[in-house]
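Enquirer: structure, please.
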Amino acid sequence: MIRSVSFLLLVLLAAGMQSAATPVSDKLRAISAVSDVREVAVGPFESCYEFWFEQPVDHAHPDGATFKQRVLLGHKKQEAPVVVELPGGPIESSDEGELPGETELSSLLKGNQLIIEHRFFAGSIPENGEIPWEYLTIRQAAADQHAVIQALKAQLYPANKWITTGTGQGGQSAIFHRYFYPEDAHVTVPYVAPLNLDRTDPRIRKFLDRIGSTKISVAAVVFGAEVAWACKWSVHDFQMLCFEQLDRLLPLIAEIVQEQGYTFETVGGLKRAVQLIILENRFSFWRWGHPCGSIPDPEDDPELIADHLLQVSDPSFFDDKHLAERQPFFYTAFTETGLYDYNVKPFRKFLPDKENITFAFALPPGAERKPFNKTQMEEINRWLQTDAEKMLFIYGGLDPWTATAVDLKQNGKCQKYLQGGAHHGCRIATFEGPSKMGILETLKEWLQ
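Expert: Residues are numbered from 1 along each chain as shown. Model prediction:
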């Protein structure tokens, strides 16, 4: 009899464990817009699900054409806060196909994690494969994110704290979503997110003209950087060296990119690609924080010069496949979110260009060349300086994107933290001392 009762208890316990593990997937499947729910293994979540969420192509006409948007949900605990990661692009997987794991904010807050792929990136496109470019706007994307958040709030996490976040263009998405739908989240944490006020914001070029100078480096030391960053002219001289040795570098680079399978028809061939790679060098050098001591000397072997150039300026950035995958990014940048351009003046004798080079070559063929929506960015900028609240911004002082960082003016309802010696990889974890404590205390206070 005791053995039978023990067996029954084990059966009931197993059944209880199973029922405790299934409600998340059951609740997801109960959402009418959700389909193709698939459980995946992603640590450290108790369970993780990939699914597709049906969205209108045009939220102003919800009965019209639709597409399915890819979403990942990592579940830890029912009562945990929900951290919504907005990548501003595709949900990236590793080369081995591993799905993205826990983000910094999810780890800090011990939160559940929701990642929403941006509309019209990767697989989140209409079934016919045709992208209706006129509906690729920050307002439509924010409406996508709002729909997913509201559905999961109602079905899974109605009483939880919600935090939206993103890095770079994902940080931009977090800003825009909060602007259009301020009630969706209790707190928003954009990392290294620019707020460009024009198609090619001139503040970025001015920043690049100053960064690395002795004057800037002395100021950076005060804010935590090192004197070793005073290499403005070393970066410029390296670019000049590459242009001067272009004929020697071309066959070396051709061999390297051929091994990688890169092609450059979109930009106009290998030589044009290398010219752009050299021009990109300055932006990438500061964005990713390469050490000044890594810059080759003029007497170094061409192989060393080529290797450094390609380590700093990834040639895949101009590869045909990569540009095709990034067409949604460049379209949005040209119409609404802004970008930078290449100043050709210092290198004019090496280039056929009379004007600064933009990324117009990366725009999708056939898409309407709409004017940049400056009014919308100016309105978002005013909102950030007046009505926005509980938004915490993280920036690295040496990142060129910090040139167009959010300027809160007198808006004390939000907070902005800048780490002087950091670059685009700046995170909460890279801060130290009072600054880090201030960030954590602010988050704690806002989420009470």
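Enquirer: now do Ile138, the pLDDT please.
Expert: pLDDT recorded at Ile138 is 98.
Enquirer: that one and Thr337 touch, don't they?
Expert: Yes. The criterion here is Cβ atoms under 8 Å, and Ile138 meets it with Thr337 at 6.8 Å. Bear in mind the C-beta positions are built from the backbone N, C-alpha and C, glycine included.
Enquirer: any common contacting residues for these two?
Expert: Gln172 (Cβ atoms under 8 Å, 6 or more residues apart in numbering).
Enquirer: where does pLDDT dip in this protein?
Expert: 1-22, 95-96, 214-229 (pLDDT under 70).
Enquirer: which residues in the chain form strands?
Expert: 34-40, 47-56, 66-75, 82-85, 112-116, 162-167, 187-191, 392-396, 415-419 (DSSP state E).
Enquirer: how about a markdown table for these, with distance to Pro296 and mean neighbour count added?
Expert: Converted to a markdown table, these look like this (distance: least, Cβ to Cβ, whole Å; neighbours: other Cβ atoms under 10 Å):
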| stretch | distance to Pro296 | mean neighbour count |
| --- | --- | --- |
| strand 34-40 | 44 | 14 |
| strand 47-56 | 44 | 19 |
| strand 66-75 | 42 | 22 |
| strand 82-85 | 38 | 26 |
| strand 112-116 | 39 | 26 |
| strand 162-167 | 31 | 27 |
| strand 187-191 | 32 | 27 |
| strand 392-396 | 25 | 24 |
| strand 415-419 | 28 | 18 |
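Enquirer: wait, which of the ones you listed is closest to Leu249?
Expert: strand 392-396 (30.2 Å; Cβ to Cβ).
Enquirer: domains of this structure?
Expert: Here the domain assignment for the chain is 25-198+377-446, 231-362, based on automatic domain parsing.
Enquirer: closest to Glu368 out of these?
Expert: Taking the domains of the chain one by one with Cβ to Cβ, domain 25-198+377-446 is closest: 6.7 Å.
Enquirer: now the domains of the chain as JSON lines including distance to Glu368?
Expert: Shown next, in JSON lines, are the domains of the chain (distance: least, Cβ to Cβ, whole Å):
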{"stretch": "domain 25-198+377-446", "distance to Glu368": "7"}
{"stretch": "domain 231-362", "distance to Glu368": "9"}
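Enquirer: looking at those domains, which is nearest to Asp209?
Expert: domain 231-362 (8.2 Å).
Enquirer: residues near the nearest residue to Glu389 once chain neighbours are set aside, how many?
Expert: Distances taken as Cβ to Cβ, 6 or more residues apart in numbering place Lys413 nearest to Glu389, at 3.8 Å, with adjacent residues excluded. For Lys413, the neighbour count with other Cβ atoms under 10 Å is 12.
Enquirer: so how far is Asp314 from Arg178?
Expert: For Arg178, the distance to Asp314 equals 31 Å [Cβ to Cβ, to the nearest Å].
Enquirer: more crowded one of these two?
Expert: Between Arg178 and Asp314, counted using other Cβ under 10 Å, the more crowded position is Arg178 (26 against 14).
Enquirer: what residues does that one make contact with?
Expert: Counted by Cβ under 8 Å, 6+ apart, Arg178 has contacts Thr164, Asp184, Ala185, Thr188, Ala388, Met391.
Enquirer: give me the distance between it and Thr165.
Expert: Taking Cβ to Cβ, one finds Arg178 at 10 Å from Thr165.
Enquirer: overlap in contacts, these two.
Expert: By Cβ under 8 Å, 6+ apart, the residues touching both Arg178 and Thr165 are Thr188.
Enquirer: what's around the spatially closest residue to Ile131 that is not a sequence neighbour, how many residues?
Expert: Of all residues beyond its chain neighbours, the one nearest Ile131 is Phe120 (5.0 Å), with distances taken as Cβ to Cβ, 6+ apart. When counting by other Cβ under 10 Å, one arrives at 25 neighbours for Phe120.
Enquirer: wait, what's in contact with the nearest residue to Glu244 once chain neighbours are set aside?
Expert: Leaving aside its sequence neighbours, Glu244 sits nearest to Phe350 (Cβ to Cβ, 6+ apart; 7.8 Å). Applying Cβ under 8 Å, 6+ apart, one finds that Phe350 lies in contact with Phe243, Glu244, Leu246, Gln275.
Enquirer: tell me the one of those nearest Ala193?
Expert: Set against Ala193, the nearest of the contacts of Phe350 by Cβ to Cβ is Gln275 (29.6 Å).
Enquirer: quick check: the closest one touching Leu351?
Expert: Yes. Using Cβ under 8 Å, Gln275 makes contact with Leu351 at a distance of 6.4 Å.
Enquirer: who has more neighbours, the two?
Expert: The neighbour comparison of Gln275 against Leu351 (other Cβ under 10 Å) goes to Gln275, with 24 against 16.
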